[in-house]
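Colleague: Any chance you could fold what I've pasted below:
(one chain, ligands or ions: 1)
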Amino acid sequence: MARTISLKTAIPGPESQALLARRARAVPKGVPAVTSIAIAHAEGAVLTDVDGNRFIDFGGGIGVVNVGHRHPAVLDAVREQLDRYLHVCFPVSSYEPYIALAERLNAITPGPHEKRTFLLNSGAEAVENAVKAARAFTRRQAIVCFEHGFHGRTNLAMALTSKVSPYKKGFGPFAPEIYRIPFPYCYRCAEGPHGGRCCQADRSRLEQLLAAIVDPDSVAAIIMELELGEGGFVVAPVEYVQTLAGLARDHGILFIADEIQTGFGRTGKFFASEHYGLIPDLLTTAKSLGGGLPLAAVTGRADVLEASPVGGLGGTYGGNPVACAAALAVIDVMQRECLPDRAARIGARMMTRLKALAAQHAPIGDVRGLGAMVAIELVKDRATKEPDKTLTGRILQEALRRGLLLLSAGTYGNVVRILVPLSVDDAVLEEGLDVLGEAVAAATRS
Ligand SMILES: Cc1ncc(COP(=O)(O)O)c(C=O)c1O
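Modeller: All right, here's what the predicted structure looks like:
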């Protein structure tokens, strides 16, 4: 079988280096350059850089191309829309692709209840708008969020985000009425599971925790990633989420599931909420929704979303028609190609391979994830679990040098996460996992 990876130069090659040098003079360093390569072409799960080197993409544009780069059905839908109109502004003149996408999202998100959807441009914008809508409906102001959570870089989203450096450092003041509680991070929990159950999944304990920081009856919403994304692919236990959702319901608190990274088949279901039997009041999506074009959505209970005043929601660009056309094609592809099932199979394969790798390399302290949202956590010592950010960086570098693009995550920067396009061929997946194994071996040797 021919290998997919093909390297013609050392990495980064001269053309990438030249572009990155231009970048450094033109773009502030606050916009990170996670890899040292510049891309000329992308297809499926393969990236070609400006030097003609071919890489396997285990980052998927940070979870944006679950259907694969340049899926033909997405390209066709985009081309067709290009010939009609690019922008008319949905709040000014309605158009069908926006309405059709709202209908599709209302239908595929969890729960048979009456829903509404409105569209935005980025994940952070969706989060901000979900919070706005929750506050308008409940007439309450407080929002509960989680340690290790990530919700974006705009002011309110940044306030909801946990990790200080680099997301918040020097960027205050932060939005008020934000209250943070611990995320059920089993690998790092001091107590360990109680008879196999999450120690935090205890109703009275959660009530006490909340009551110590805020009056539950003043809380508009709890916002949660069911599997942390940037926070390191930590999966919340089912019993914890169910207990929390019950508590929220009893106090009239809305549950916002931030499915911006977990959505669109990534976890082996269309939405991670489905693993939990959770019907969120509001659900935010972005990333893979647009198949590569900028698009985000808030979907939720009709009564909640109808509580915001006319003109209070939306924006000039939200729900761009070309992005809507792409999103409709993404949903078709996901359903036609059964990509959530494919994610479950890819995830099972990755789990087997990564657990075998962990058996060989002591620094891999944990292997975890739902479906194809899988990660390894690197530690200096399995007993102390001291995070090993340096080793994580070396693994990413060794992988890139060998033609595999990988991303890190985690509050301590010590997690290697995989967001491979779900359309990836088995052979390409195996080749990528082989390279990951070589990279871990090389990084732990050096
Ligand atoms: C769970 C989650 N919420 C919100 C965001 C913010 O999305 P965006 O970068 O499109 O603003 C992200 C981005 O990584 C995310 O993973």
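Colleague: ok, Glu274 - contacts?
Modeller: Pro110 (Cβ atoms under 8 Å, 6 or more residues apart in numbering). In this view, the C-beta of every residue, glycine as well, is placed from N, C-alpha and C.
Colleague: Give me the phi and psi for Leu433.
Modeller: phi -70, psi -30 (degrees, to the nearest 10).
Colleague: Please name the residues that touch it.
Modeller: Applying Cβ under 8 Å, 6+ apart, the residues contacting Leu433 are Arg349, Met350, Arg353, Leu354.
Colleague: and of these, the nearest to Arg116?
Modeller: Met350 (36.2 Å; Cβ to Cβ).
Colleague: Dump the helix or strand containing the closest one to PDB, restricted to CA.
Modeller: Under the criterion of DSSP states H and E, Met350 resides in helix 339-360. This file holds the C-alpha atoms of helix 339-360, laid out as PDB (Å, rounded to 0.1, in the frame of the first residue of the first chain):
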ATOM      1  CA  LEU A 339     -20.300   9.500   9.800                       C
ATOM      2  CA  PRO A 340     -21.300   9.300  13.500                       C
ATOM      3  CA  ASP A 341     -21.100   5.500  13.300                       C
ATOM      4  CA  ARG A 342     -17.800   5.900  11.400                       C
ATOM      5  CA  ALA A 343     -16.600   8.100  14.300                       C
ATOM      6  CA  ALA A 344     -17.400   5.300  16.800                       C
ATOM      7  CA  ARG A 345     -15.400   2.800  14.700                       C
ATOM      8  CA  ILE A 346     -12.500   5.200  14.200                       C
ATOM      9  CA  GLY A 347     -12.600   5.900  18.000                       C
ATOM     10  CA  ALA A 348     -12.500   2.200  18.900                       C
ATOM     11  CA  ARG A 349      -9.500   1.700  16.600                       C
ATOM     12  CA  MET A 350      -7.700   4.700  18.100                       C
ATOM     13  CA  MET A 351      -8.400   3.600  21.600                       C
ATOM     14  CA  THR A 352      -6.900   0.100  21.000                       C
ATOM     15  CA  ARG A 353      -3.800   1.500  19.400                       C
ATOM     16  CA  LEU A 354      -3.300   4.300  22.000                       C
ATOM     17  CA  LYS A 355      -3.800   1.900  24.900                       C
ATOM     18  CA  ALA A 356      -1.100  -0.400  23.300                       C
ATOM     19  CA  LEU A 357       1.100   2.700  23.100                       C
ATOM     20  CA  ALA A 358       0.400   3.600  26.700                       C
ATOM     21  CA  ALA A 359       1.500   0.100  27.700                       C
ATOM     22  CA  GLN A 360       4.900   0.800  26.100                       C
END
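Colleague: Check which residues of that helix are buried.
Modeller: 339-340, 342-347, 349-351, 353-354, 357-358 (16 or more other Cβ atoms under 10 Å).
Colleague: host element of Ile376?
Modeller: Short version, using DSSP H and E: Ile376 is in strand 373-378.
Colleague: That strand and the ligand in contact?
Modeller: No. Counting by Cβ under 6 Å from any ligand atom, the ligand is not contacted by strand 373-378; separation bottoms out at 10.8 Å.
Colleague: Go ahead and name everything in contact with that strand.
Modeller: By Cβ under 8 Å, 6+ apart, strand 373-378 touches 187, 227, 232-233, 261-262, 266-267, 343, 347, 350-351, 354, 357-358, 363-369, 387-389, 391-392, 395, 409-410, 414-419.
Colleague: Measure how that strand sits relative to helix 339-360, angle-wise.
Modeller: 20 degrees (axes from the mean of the first three to the mean of the last three Cα atoms, to 10 degrees).
Colleague: Tell me the residue of the stretch 51-200 of the chain that sits nearest the ligand?
Modeller: Gly123 (2.1 Å; Cβ to the nearest ligand atom).
Colleague: What does the closest residue in space to that residue that isn't next to it in sequence show for phi and psi?
Modeller: Ranked by Cβ to Cβ, 6 or more residues apart in numbering and with sequence neighbours excluded, the top spatial neighbour of Gly123 is Ala286, at 3.7 Å. The phi and psi torsions at Ala286 (degrees, to the nearest 10) take the values phi -160, psi -130.
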